[in-house]
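Colleague: Sequence isn't available, so here's the structure alone:
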């Protein structure tokens, strides 16, 4: 499975200091059905949950965006 990040996703990761290996490991653990998916996961090193939006097409995964999900802070 080939995982690639859009320019927007790389810039968001840099802005929020999210390591690329963290994003990749969460995607690899998720279900890989074709279509658009979201992952919202609390990780100890961040004050807010991490949200990752990605799309699966045949054997390629494209990370659309990722950021700290501040709306999810009450969960």
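Modeller: Arrived safely. What you see is a predicted model; the values in this text were computed from it and never measured.
Colleague: shaky segments in the protein?
Modeller: Per-residue confidence of the chain (counting by pLDDT under 70) places the weak regions at 72-75.
Colleague: could you redo the last one with a cut-off of 80?
Modeller: Within the chain, the stretches falling below the threshold (pLDDT under 80) are 1, 71-75.
Colleague: Can you report how many residues lie near residue 16?
Modeller: 13 (other Cβ atoms under 10 Å). To be clear about C-beta, it is placed using only N, CA and C from the backbone, and glycine gets the same treatment.
Colleague: And the helices in the protein, which stretches?
Modeller: Counting by DSSP state H, residue ranges of the helices within the chain are 7-15, 20-29.
Colleague: and the residue nearest the centre of the chain, how far is that from residue 42?
Modeller: With distances taken as Cα atoms, centre = their mean, residue 52 lies nearest the centre of the chain, 2.6 Å away. Between residue 52 and residue 42 the distance, using Cβ to Cβ, to the nearest Å, works out to 13 Å.
Colleague: So what's the residue count around the closest residue to residue 46 other than its chain neighbours?
Modeller: Beyond its immediate neighbours in the sequence, the residue positioned closest to residue 46 (Cβ to Cβ, 6 or more residues apart in numbering) is residue 68, lying 5.8 Å away. The number of residues packed near residue 68 is 18, by other Cβ under 10 Å.
Colleague: How about residue 55?
Modeller: Other residues near residue 55 number 14, with proximity taken as other Cβ under 10 Å.
Colleague: quick one: it from residue 42, how far?
Modeller: From residue 55 over to residue 42 (counting by Cβ to Cβ), the distance is 23 Å.
Colleague: Could you check how far residue 43 is from residue 60?
Modeller: When Cβ to Cβ is applied, the distance between residue 43 and residue 60 equals 25 Å.
Colleague: Could you do residue 70 as well?
Modeller: In this view, residue 70 and residue 60 are 30 Å apart by Cβ to Cβ.
Colleague: and what of residue 20?
Modeller: When residue 20 is compared with residue 60 (using Cβ to Cβ), they lie 17 Å apart.
Colleague: Next: residue 24.
Modeller: Taking Cβ to Cβ, one finds residue 24 at 14 Å from residue 60.
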